[in-house]
Structure formats: structure tokens, C-alpha cells
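Q: Please find the sequence and the predicted model below.
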Amino acid sequence: MAVLVVAEHDNASVKDATNKTITAALALSKDVDVLVAGQGAGAAAGAAAGIAGVRKVLHAEGAAFEQGIAEAIEGLVVPLMANYDAVLFAATATGKNAAPRIAAALDVSPISDIQEVVSGNTFVRPIYAGNALETIESSDAKKVITVRTTAFGAAGAGGSAAVESVAAGAATAAITFKGAEIVKSERPELAGAKRVVSGGRAMGSADEFHNVIEPLADKLGAAVGASRAAVDAGYAPNDYQVGQTGKVVAPELYVAVGISGAIQHLAGMKDSKVIVAINKDADAPIFAIADYGLVADYKAAVPDLMGELTKAGL
């Protein structure tokens, strides 16, 4: 069984999500190749070749790949699938965008958000906002899979795979990239951060969110997240949202400030290693999964915490 992993990268290096997707692929087969498609992505292809367990790296160059346009990825991957039994994507915005198109072109059912590989055709995935797990068996000859990367460890270094150039392929639709509004921050990227500080609707305003959550995040060297309620209220941008319809994270430390713990939010962060919750409602659902819970008003608790962190030299 040959497996192709489509890499997430920034043209210079591969992202941690790729390493974790490779781990899932290696549970399927020992014959794992990685596809690096980009613009000036030679360095990323070289980095992928150094990941343990990778048999070969396929390197495709094209302007459309720089922006991860799904139609361009489809045009590249579908012909390559003649040589592969499965293709895996990280369950990110890029993966979720491209995988269904490829599955449709191959006339198979996509298998989304797997968190365990049972066998070559059997997988476990969460349903009902992560409150239940579903074991599915696929009889499709070709499998198109997205991987919940928080459920897999990252493949390490030590590989020495060969890098092979492949033709870019033809896009299946006339799509033109017009532009992107990208939020740039010196903080860690939310999806891969080891520490996350999130704020909820209790913040009351965007100014309060920025004045409370961001200094604490900076103190901890953490990424900033938010509940859907906080995002819907305009306190934080959409790319801060953690939850079922936002980003799924599993950091070493997750600090939830003023977040009640709706099912939608818990689905996106309950796999965090250590969860700290600050909420003045002792019955808030988030306390049911928190490792450390403080029943207090964040307006007093967060400044106290900041003071203690300063004393500790942070």
C-alpha cells in the first residue's frame, strides 16, 4: 500500500502538521511519499526529505501552489493517484478545501478528521462535537483522508529521502488568486502553539479582550484564542476562534478566561495537556474538564496571575 502525504509548508520549511500527518500515514503503510507543491519551495522539499519514515519527496513548482489553491492541488494530485492507494492531508483549511475536490474527481467518499488508524481501511473519527467516536470502514480502492493532527505525534528527523521533480499539472477550473488579508503576529501560530490563552464573551468588549488576554498571552509566550461567542461579538478576529467551527488545538497549556465551556468550544480544545479555567460561575461546564479551576472574577484573578508570573521571572 503506497501513501501520499500532501505537505503543509511556507516554501522554506514544512509545518508541524505535516510531521503529524506523516505519523498517521506510517500507521497505514511503510511506503510513504510526501508531495511538496509551492513556488520556490526547494527548501521545504529538502526539509521534508529529512523527516524519518519518508520514502520519497515529490516536488512541484507553480505560482498557483504558493496560495494553496484547491483546483491547482486537484490537478496535480489526481494524476499522481494512479501510483497511490491513499492520499492524506492535515485537517487544516487547505486540506479541508482540497480533499473533497480530489475525492469527487476519484469518485470516492472522503474520510475526514481521522484520529486513529485501525487498519488499512478502518479509521476512527470524532462525531457529535467530539462527544462520540465513530469507527468507519472504507471499501473504496483509493482513499482520500484528512487527519486531526492533534491526535498524532510528530514524525522526527533522521530521514534521507530522495527529492524528485514532478510536473505541475493543469488546474481543473479557471481560478485566479486576487489577494489575501493575512494577520501577522509575533505570537506563535494558534494551531501549533504549545501554550494558548483564550478569552470568552465575559470580556465584554474588544478593548477589554485586548487589555486582558493579550498581555497574559505575551507573558506566557502563548498564542491568543477566543470562543465563538467572543468572535461573534466582535471582540476577536475569526482566525482566533477555537472550537468545532474554528481551530482544533491541543497545546501543553490552555488557559480559558471567562469561557463557560459550550460544547462547540470544548470540541476544539479538550485534548489540551493541561487546562486552566478562570470563571466566576462555579457551575460553568468548562470546570468539568479543567485540570485547574479558579472560581473568581477574571478582573481580579488575571492581574494577580500576572503579578505572580512577574515574581517568577516571566
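A: Here it is on my side, so go on. Bear in mind the structure is a predicted one, so any value in this text is a computation, not a measurement.
Q: how far does stretch 48-58 stretch from start to finish?
A: End-to-end distance for stretch 48-58: 10 Å, by CA to CA, to the nearest Å.
Q: CA-only coordinates of stretch 115-125 in PDB, if you can.
A: What follows is stretch 115-125, C-alpha atoms only, in PDB (Å, rounded to 0.1, in the frame of the first residue of the first chain):
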ATOM      1  CA  GLN A 115      -7.800  10.500  14.900                       C
ATOM      2  CA  GLU A 116      -6.800   6.800  14.800                       C
ATOM      3  CA  VAL A 117      -5.700   4.300  12.100                       C
ATOM      4  CA  VAL A 118      -7.100   0.800  12.900                       C
ATOM      5  CA  SER A 119      -6.100  -0.800   9.600                       C
ATOM      6  CA  GLY A 120      -5.600   0.000   6.000                       C
ATOM      7  CA  ASN A 121      -9.300   0.500   5.500                       C
ATOM      8  CA  THR A 122     -10.600   1.200   9.000                       C
ATOM      9  CA  PHE A 123     -10.400   4.500  10.900                       C
ATOM     10  CA  VAL A 124     -11.700   6.300  14.000                       C
ATOM     11  CA  ARG A 125     -13.000   9.800  13.800                       C
END
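Q: Pull out the buried positions in that stretch.
A: Across stretch 115-125, burial judged by 16 or more other CB atoms under 10 Å covers 115, 117, 121, 123, 125. In this view, the C-beta of every residue, glycine as well, is placed from N, C-alpha and C.
Q: what's the most distant pair in the residues you listed?
A: 115 and 121 (16.3 Å; CB to CB).
Q: so where is this protein shaky, pLDDT-wise?
A: 170-173, 182-183 (pLDDT under 70).
Q: one step back: for the buried residues of stretch 115-125, please prepare TSV with the additional fields secondary structure and distance to residue 18.
A: Below are the buried residues of stretch 115-125 laid out as TSV (DSSP: H, G, I helix; E, B strand; the rest coil; distance: CB to CB, whole Å):
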residue	secondary structure	distance to residue 18
115	coil	17
117	strand	17
121	coil	24
123	strand	19
125	strand	20
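Q: Present these as a markdown table; the columns should include distance to residue 65.
A: Listed next are the buried residues of stretch 115-125 as a markdown table, based on distance: CB to CB, whole Å:
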| residue | distance to residue 65 |
| --- | --- |
| 115 | 28 |
| 117 | 27 |
| 121 | 30 |
| 123 | 28 |
| 125 | 28 |
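Q: between those residues, which is closest to residue 192?
A: Closest to residue 192, out of all of the buried residues of stretch 115-125 and judged by CB to CB, is residue 115, at 16.9 Å.
Q: That closest one and residue 248: what is the separation?
A: 10 Å (CB to CB, to the nearest Å).
Q: can you give me the helices in the chain?
A: Taking DSSP state H, the helices of the chain run over residues 16-28, 42-49, 63-66, 70-80, 93-106, 206-220, 228-232, 263-269, 298-311.
Q: Let's see the fifth one as CSV, backbone CA atoms only.
A: Okay, so that is helix 93-106. Output in CSV follows, covering the C-alpha atoms of helix 93-106 (Å, rounded to 0.1, in the frame of the first residue of the first chain):
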residue,chain,number,x,y,z
ALA,A,93,-8.2,25.0,5.9
THR,A,94,-6.0,23.9,3.0
GLY,A,95,-6.6,20.2,3.5
LYS,A,96,-10.3,20.6,4.0
ASN,A,97,-10.5,22.7,0.8
ALA,A,98,-8.6,20.3,-1.5
ALA,A,99,-9.5,16.8,-0.2
PRO,A,100,-13.3,16.9,-1.2
ARG,A,101,-12.4,18.0,-4.7
ILE,A,102,-9.9,15.2,-5.1
ALA,A,103,-12.3,12.6,-3.7
ALA,A,104,-15.0,13.8,-6.1
ALA,A,105,-12.6,13.5,-9.1
LEU,A,106,-11.7,10.0,-8.0
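Q: Against which helices or strands is it packed?
A: Counting contacts by 3 or more CB pairs under 8 Å, 6 or more residues apart in numbering; DSSP states H and E, helix 93-106 is packed against helix 70-80, strand 86-90, strand 143-147.
Q: okay, now the domains of the protein?
A: 3-165, 195-312 (the TED database).
Q: what's the neighbour count on residue 138?
A: A count of nearby residues for residue 138, using other CB atoms under 10 Å, gives 18.
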